[in-house]
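A.B. asks: sequence first, then the predicted structure:
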Amino acid sequence: MENMIKELADMSQKMMKSYDTLQQIKEVDIATSPKTSVYKEDKLTLYRYDRDTNATYKTPVLIVYALVNTYKMLDLQPDRSYIKNLLNAGLDVYLIDWGYPSKSDRYLDLDDYVNGYINNCVDFIRKKHRIDKVNILSICQGGTLSVIYSSLYPNKVKNLVTHVTPIDFSTNDGLLFRWSKNMDFDKLVDGNNGLIPGDFLNQGFDLLKPMMKVQKQQSLVNVLDDKDKLLNFLRMEKWISESPAQAGECFRQFMKELYQQNKLVKGELEVGGKKVNLKNLTSPLLNIYATEDHLVPPAATIPLNDHVGSKDKELYSFKGGHIGVFVGGKSQKELAPAVTAWLKKRD
């Protein structure tokens, strides 16, 4: 009984302190690293991150993020910013912000994203720096798009770094890959008037590990009286809440031709009338996977190295989960330095 009374008293004190903590938080800021818009096309914005000093790398890097969620996870807060680590290492960093598709974008497909948007951004950087090739650093689905791009335009890609990127969709590891095999994506896209809501996708991701959602809410109680930890929690929630919708035709093509038919590794994928042959990807490749990834399991990522034509290719195993690759404390100390060191050797 005494223990219960003490626990209730402690909880009451924590809740009172949490009120004061919340009063101190006026705004939750994410993605605060200074950057400048250098190119726009439709909803897309190409940013170049500001530097106080000249880059020490000769070749700039273009970050290609997934169409799901936003790039802001890479720059969540100053002490957990993958982008800031790249800048501190001396890289000249560009990034594609896909923006927020609306119904007018429902017919955008893989051709528009790969042969259109990505290629136009690469050409902008090539022209700006008077170079033939750029480095591409890609994330998750953005990695898949970048692998396709690098296979179609090998003469424009100097080095390719992929993070937690799905390539071989035949695996049944992970619920997402199993569920996708039998889903009617035509009905899903058409039933949503050609635009897949971001909230719908986030709810699906929550179902992959339902207890993770419960554990996250429980952890909130423990940090309510700690401003720094509470801000960490709120920044992640803000990033999740800002999820954009998906252009229906691209989503349909990606899910049917890749998740269901596995056309990329079979050599059957066509984008804009061009056959995608992974053997044409010959640039040096650093392929990074996360050992505990429940969204993109290692079995979907590792086979990339077996299918490309690159002679210089490396597989990097990161002990952690899908998001921890970028925002975890270990990532700041281990992964970003490893990636920049790998690029430096090939600069």
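C.D. replies: Sure, I can see it. Numbers count the residues shown, from 1 in each chain.

A.B. asks: just give me the neighbour total for residue 97.
C.D. replies: 20 (other C-beta atoms under 10 Å). Bear in mind the C-beta positions are built from the backbone N, C-alpha and C, glycine included.

A.B. asks: the closest residue to it other than its chain neighbours is in what secondary structure piece?
C.D. replies: Leaving aside its sequence neighbours, residue 97 sits nearest to residue 45 (C-beta to C-beta, 6 or more residues apart in numbering; 4.5 Å). In the assignment (DSSP states H and E), residue 45 maps to strand 44-49.

A.B. asks: and the residue nearest to residue 97, what pLDDT?
C.D. replies: Listed pLDDT for residue 45 reads 98.

A.B. asks: and the residue positioned nearest the centre of the chain, how far from residue 123?
C.D. replies: With distances taken as C-alpha atoms, centre = their mean, residue 139 lies nearest the centre of the chain, 3.9 Å away. Separation of residue 139 from residue 123 (C-beta to C-beta, to the nearest Å): 21 Å.

A.B. asks: again with residue 175
C.D. replies: Taking C-beta to C-beta, one finds residue 175 at 39 Å from residue 123.

A.B. asks: what residues are up against the closest residue to residue 256 other than its chain neighbours?
C.D. replies: Closest residue to residue 256 apart from its sequence neighbours, by C-beta to C-beta, 6+ apart: residue 185 at 5.5 Å. Taking C-beta atoms under 8 Å, 6 or more residues apart in numbering, we find residue 185 in contact with 251-252, 255-256, 260.

A.B. asks: which of the residues you listed has the largest number of neighbours?
C.D. replies: That'd be residue 251 among the contacts of residue 185, by other C-beta under 10 Å, with 25 neighbours.

A.B. asks: after the helix or strand containing that one comes which helix or strand?
C.D. replies: Using DSSP H and E, residue 251 sits in helix 248-253. As assigned by DSSP H and E, the chain's next helix or strand after helix 248-253 is helix 263-266.

A.B. asks: C-alpha coordinates for that next one, CSV please?
C.D. replies: C-alpha atoms of helix 263-266 as CSV (Å, rounded to 0.1, in the frame of the first residue of the first chain):
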residue,chain,number,x,y,z
LYS,A,263,10.5,-6.8,-62.2
LEU,A,264,13.6,-4.8,-61.3
VAL,A,265,15.9,-7.8,-60.4
LYS,A,266,14.2,-9.9,-63.2
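
A.B. asks: elements contacting that helix?
C.D. replies: helix 141-152 (3 or more C-beta pairs under 8 Å, 6 or more residues apart in numbering; DSSP states H and E).

A.B. asks: got the contact list for the helix it packs on?
C.D. replies: Contacts of helix 141-152 (C-beta under 8 Å, 6+ apart): 63-68, 96, 110, 113-115, 118-119, 122, 136, 138, 157, 160, 162-167, 254, 258, 264, 269, 271, 274, 276-278, 280-281, 283, 304, 308.

A.B. asks: which residues in the stretch 51-200 of the chain form helices?
C.D. replies: Secondary structure of the stretch 51-200 of the chain (DSSP state H, counting those that start in this stretch): helices located at 82-88, 110-111, 119-129, 141-152, 175-180, 185-191, 198-208.

A.B. asks: output the below-cut-off pLDDT ranges for the stretch 151-300 of the chain.
C.D. replies: Counting by pLDDT under 70, the stretch 151-300 of the chain has low-confidence residues at 200, 202, 204-229, 231.

A.B. asks: switch the cut-off to 50
C.D. replies: Of all residues in the stretch 151-300 of the chain, none has pLDDT under 50.

A.B. asks: what pLDDT does residue 63 get?
C.D. replies: 98.

A.B. asks: measure stretch 178-191 end to end?
C.D. replies: 22 Å (C-alpha to C-alpha, to the nearest Å).

A.B. asks: I meant stretch 259-271, not that one.
C.D. replies: First residue to last in stretch 259-271 (C-alpha to C-alpha) measures 16 Å.

A.B. asks: what does that stretch contact?
C.D. replies: 110-111, 114-115, 144, 147-148, 152, 167-170, 177, 180-181, 185, 257-258, 275-278, 303, 307.

A.B. asks: before we move on, what about stretch 307-319?
C.D. replies: Counting by C-beta under 8 Å, 6+ apart, 147, 151, 167-168, 265, 278-292, 298, 302, 305, 325, 330-331, 334-335, 338, 342, 346 sit against stretch 307-319.
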